[in-house]
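Undergrad: sequence and predicted model, in that order:
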Amino acid sequence: MVRYLCTVTGVSRSGYYNYFSTKSQERRKQRDKRDENLKEMVLKAFHFKKRKKGARQIKMVLQNQFNIIYNLKRIRRIMKKYGIVCLLRKANPYRRMAKATKEHRTLPNLLNRQFKQNIPGKVLLTDITYLFYGKGKKVYLSTIKDGSTNEILAYNVSDRITLDIATDTLLKLKKNRRVKLADGAFIHSDQGFHYTNPLFQKMVKKYGLGQSMSRRGNCWDNAPQESFFGHFKDEAYIKPCESLDELKREIKSYMTYYNNYRYQWNLKKMTPVQYRNHLSSVA
C-alpha cells in the first residue's frame, strides 16, 4: 500500500519514511517553535503604531525600533505561514477635475518627473483626493508633499471641493515654521481647476514659488503624490470614523505617523523627517 501511494503521489519511499521518523518530527517541532517566536516579533512590528504594514515596512521597523535584523525572505515566509496579511493597494483610475474655464491657465511641466532632487523644500507636490467615511459621508483631502523627502508639509480637510481647499493648504504651508523652502522652490500639480485658477496662481507667486503642471491626463507626472494617497487610504482608519471631527483626528494621527515613524525603503530606510535631516546634514 505504501509503495502504491508513493508512486501515485510521486514521493520516494525513503522520503516518506524519513518524514515520519522521530528525528524529522523533532526537527519540525523545533522549527515551528522558532517560527512562533519569530511570529511574535513580526506581529509586534506589523501592529507598530497601530498601522498595518507589508514585509519591507516590517523589516525596517524591526531594525529601527527593536534593533532586530531579519531578511525579507524570512519575514515573508512567516507572514505567509501565519496568514499575516497587509492588503495590497489597488490602482485607482486617474480622476480629472472639472474642465478649466477660459480664464484659467495651464503651465509647462517644469518638473518633468525629476522628483528626487535631494534638496528639502525644493520640489513641492500637491493634489486633492476624496475620502468616504461613516455611512456614505464624503470629504476631500488636499496635501503638499516634499518630493525629495516624501514629508507631508501641509494638508487640509474639507467637505467641499471649492477653491479654498487648495488655497488653505498653501496658506498652512506658509505658516508651517518647520518648513524651510529652498532657493528656486516650486509647486507641481495636475491641471485641475484649483491649480489653473488665477487666484491660486497669484497666491503661489505671492509666496515666491514657481509653478509646474503635469501633462494633461498623465498621472505619472505626479506619481509620488498619487502613491501617498494610495498608502494613506490603505493604512489610515477612515471608514470607521463617524464624525468629521473624529476623521480629522485620525488624519492628524496618520500624518504624524507617516512623517515620523513610517520608514521608507527608498529613503535609505529612514522616515521622511529623518531623511530630511539627513539631506540637510550632508548639504
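TA: It's in. Model, not experiment: these values are computed from the prediction.
Undergrad: measure residue 165 to residue 216 for me?
TA: According to Cβ to Cβ, to the nearest Å, residue 165 and residue 216 sit 22 Å apart. In this view, the C-beta of every residue, glycine as well, is placed from N, C-alpha and C.
Undergrad: neighbour count winner among the two?
TA: Neighbour count, other Cβ atoms under 10 Å: between residue 165 and residue 216, residue 165 has more, with 19 against 11.
Undergrad: buried set for the helix or strand hosting that one?
TA: Using DSSP states H and E, residue 165 sits within helix 164-175. Using 16 or more other Cβ atoms under 10 Å as the test for burial, helix 164-175 gives 165-170, 172-173.
Undergrad: which residues does residue 140 contact?
TA: Remark: with contacts taken as Cβ atoms under 8 Å, 6 or more residues apart in numbering, residue 140 is in contact with 128-131, 157-161, 165.
Undergrad: what about it, which SS state?
TA: strand (DSSP: H, G, I helix; E, B strand; the rest coil).
Undergrad: quick check: bridge partners of residue 139?
TA: residue 131 (DSSP bridges).
Undergrad: who's in contact with it?
TA: 130-131, 133, 157-159, 244, 247.
Undergrad: now that we have those, which of them are buried?
TA: Buried, going by 16+ other Cβ under 10 Å: 131, 133, 157-158, 247, out of the contacts of residue 139.
Undergrad: how about these in a markdown table, adding secondary structure, pLDDT and distance to residue 28?
TA: As requested, the buried ones among the contacts of residue 139 are arranged in a markdown table below (DSSP: H, G, I helix; E, B strand; the rest coil; pLDDT from 0 to 100; distance: Cβ to Cβ, whole Å):
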| residue | secondary structure | pLDDT | distance to residue 28 |
| --- | --- | --- | --- |
| 131 | strand | 95 | 47 |
| 133 | strand | 95 | 46 |
| 157 | strand | 97 | 52 |
| 158 | strand | 95 | 57 |
| 247 | helix | 97 | 48 |
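Undergrad: and those, which is closest to residue 73?
TA: residue 131 (35.7 Å; Cβ to Cβ).
Undergrad: can you pull the buried residues of the strand or helix carrying residue 234?
TA: Assigned by DSSP H and E, residue 234 falls within helix 223-235. Across helix 223-235, burial judged by 16+ other Cβ under 10 Å covers 224-226, 228-235.
Undergrad: and that helix, what other elements does it pack with?
TA: Using 3 or more Cβ pairs under 8 Å, 6 or more residues apart in numbering; DSSP states H and E, the elements in contact with helix 223-235 are strand 123-133, strand 137-146, helix 244-260.
Undergrad: what's the closest of the ones you listed to residue 75?
TA: Closest to residue 75 of these is helix 244-260 (Cβ to Cβ; 20.5 Å).
Undergrad: helices or strands up against the closest one?
TA: Helix 244-260 packs on strand 137-146, strand 152-158, helix 223-235, helix 272-282, going by 3+ Cβ pairs under 8 Å, 6+ apart.
Undergrad: restricting to C-alpha, output the second one in CSV.
TA: Same thing as strand 152-158. Extracted C-alpha coordinates of strand 152-158, given in CSV (Å, rounded to 0.1, in the frame of the first residue of the first chain):
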residue,chain,number,x,y,z
ILE,A,152,3.8,65.9,4.2
LEU,A,153,4.4,69.6,4.7
ALA,A,154,0.8,70.8,4.8
TYR,A,155,-2.7,69.3,4.5
ASN,A,156,-6.3,70.4,4.6
VAL,A,157,-9.6,68.6,5.0
SER,A,158,-12.9,69.9,3.7
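Undergrad: can you list contacts of it?
TA: 124, 139-146, 164-165, 168-170, 172-173, 176, 179, 228, 244, 247-248, 251, 255, 258-259, 272.
Undergrad: what about 7 Å?
TA: For strand 152-158, contacts defined as Cβ atoms under 7 Å, 6 or more residues apart in numbering pick out 124, 139-146, 164-165, 168-169, 172-173, 176, 179, 248, 251, 255, 258-259.
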